[in-house]
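1. Give me a 3D structure for the following:
(one chain, ligands or ions: 1)
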Amino acid sequence: MSKVSIIGAGNVGANAAVKIAEGNLAEEIVLLDILEGVARGKALDLAESSPIMGYQTKILGTRDYKEIKNSQLVIVTAGYPRKPGMVRKDLLDKNSGIINSIAREIKENAPEAVVINVTNPLDEMTYLIYARGEFSPNQVLGMAGVLDSSRLRYFISEVLKVKPQSVEAMVLGGHGETMVPLMRLARAGNKSVSRELSKEQIGEIIKRTRNAGAEIVSLLGKGSAFYAPSAAVYEMAKAIIEDSKKVLPCSACLSGQYGYEDFFLGVPVRLGKDGAEKIIEVALNPAEREILNRSAEAARRGAEELKEQYSL
Ligand code: APR
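-> This is a model prediction of the structure:
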């Protein structure tokens with residue numbers, strides 16, 4: 001059992017806290033937000049559900065970073081969600097200042113923690129935490145691939161009319177237009193998905209997966225997705241806390257794998273108590289490699305811009 005701190009008690013952060021508490025993953029959860037009342041109110045609300053839901057977790061709401069001391073895991077969900085019509089660059093300008101100061105606070109108060117970043121734009125903000133906090137490369141991960149893969153799995157299951165859990169599929173690369181859904185390797189039970197579906201159906205599913213975040217943003221009108229994102233955070237947190245060595249697609253710091261270096265990109269990662277314990281290199285076909293290169297180029301450029309802007 002362990003201590004998990006969540007920075008940003010908004011929609012994703014609070015829902016991650018619910019899932020971690022209900023999953024009995026942590027002995028203690030700290031919900032930290034710049035809006036102290038929001039953090040304390042949601043922590044109290046959550047604690048008041050424990051007699052019914054049966055968890056023992058101690059839950060604290062605060063805006064004081066001293067409270068995150070001795071966390072095994074820190075989850076960053078602070079910042080602005082994407083608004084309809086907003087592009088990646090708008091979000092980068094809005095969120096990088098916030099993430100820059102949060103990275104310092106984590107380093108000062110919980111230097112040993114594994115950090116999962118959720119704040120978008122994902123690969124860039126994850127890089128900023130790593131570089132500003134001077135963490136070791138294995139210590140910092142970004143959550144996008146598990147979410148994109150879950151969306152892809154759901155869309156496949158809808159078309160094939162099978163249980164969503166029976167579909168296995170992985171999305172690599174960036175969290176947006178250049179994501180790389182590995183349809184070639186997707187399976188539904190013991191069947192190959194690419195053999196079960198027509199080219200048109202596959203094209204539609206890929207398009208919907210790439211646009212899934214924006215689809216929710218435009219339906220909600222205000223804010224962005226949080227149930228599936230918090231579920232994806234839960235899955236990563238579980239693998240790290242339980243030291244399960246599960247391989248999940250995560251944004252991770254590359255040091256030569258796939259031919260890339262010194263930026264973050266979505267790749268399969270073996271997760272354990274030390275965070276990203278190993279990056280797994282899967283063989284890609286030329287088409288997949290080309291999209292991954294485009295993703296990598298965007299992530300590399302993003303990291304370069306941040307290096308310059310924040311003198312990293
Ligand atoms: N320190 C701590 N908390 C902060 C700070 C800060 N400097 N700045 C903002 N916050 C808090 C807000 O007060 C709010 O409670 O972050 C929370 C963000 O919550 P929401 O607005 O509900 O956003 P959410 O949907 O949770 O998304 C958060 O995750 O999925 C990504 O794109 C999404 O980048 C966004 C992030």
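2. In the protein, spot the helix with the most residues.
-> In the chain, taking DSSP state H as the definition, the longest helix is helix 286-309.
3. all strands for the stretch 1-150 of the chain, in order.
-> Secondary structure of the stretch 1-150 of the chain by DSSP state E, counting those that start in this stretch: the strands cover 3-7, 28-32, 58-62, 73-76, 114-117, 140-142.
4. among those strands, which is nearest residue 184?
-> strand 140-142 (24.2 Å; C-beta to C-beta). C-beta coordinates here come from the backbone N, C-alpha and C atoms, glycine included.
5. helices or strands up against the closest one?
-> strand 114-117, helix 122-133, strand 247-255, strand 261-272, strand 275-279 (3 or more C-beta pairs under 8 Å, 6 or more residues apart in numbering; DSSP states H and E).
6. will you turn the strands of the stretch 1-150 of the chain into CSV that also has distance to the ligand, mean pLDDT and mean neighbour count?
-> Below are these laid out as CSV (distance: least, C-beta to the nearest ligand atom, whole Å; pLDDT from 0 to 100; neighbours: other C-beta atoms under 10 Å):
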stretch, distance to the ligand, mean pLDDT, mean neighbour count
strand 3-7, 6, 98, 28
strand 28-32, 6, 98, 25
strand 58-62, 11, 98, 20
strand 73-76, 8, 98, 27
strand 114-117, 9, 98, 28
strand 140-142, 11, 98, 29
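7. Residue 14: what's its closest spatial neighbour, skipping adjacent residues?
-> residue 42 (4.9 Å; C-beta to C-beta, 6 or more residues apart in numbering).
8. Count the neighbours of whichever residue of the chain sits closest to the ligand for me.
-> In the chain, no residue comes nearer to the ligand than residue 10, which is 1.6 Å away by C-beta to the nearest ligand atom. Neighbours of residue 10 under the rule other C-beta atoms under 10 Å: 19.
9. One more: the one 10 residues further on?
-> Neighbour count of residue 20, defined by other C-beta under 10 Å: 25.
10. Now do the contacts for it.
-> 4, 26, 29, 57, 234, 237 (C-beta atoms under 8 Å, 6 or more residues apart in numbering).
11. Hmm, the third one is touching residue 6, no?
-> Yes - with contacts defined as C-beta atoms under 8 Å, residue 29 counts as touching residue 6 at a distance of 6.8 Å.
12. Need the residues touching each of these two.
-> When contacts are counted by C-beta under 8 Å, 6+ apart, residue 29 and residue 6 are jointly contacted by residue 17.
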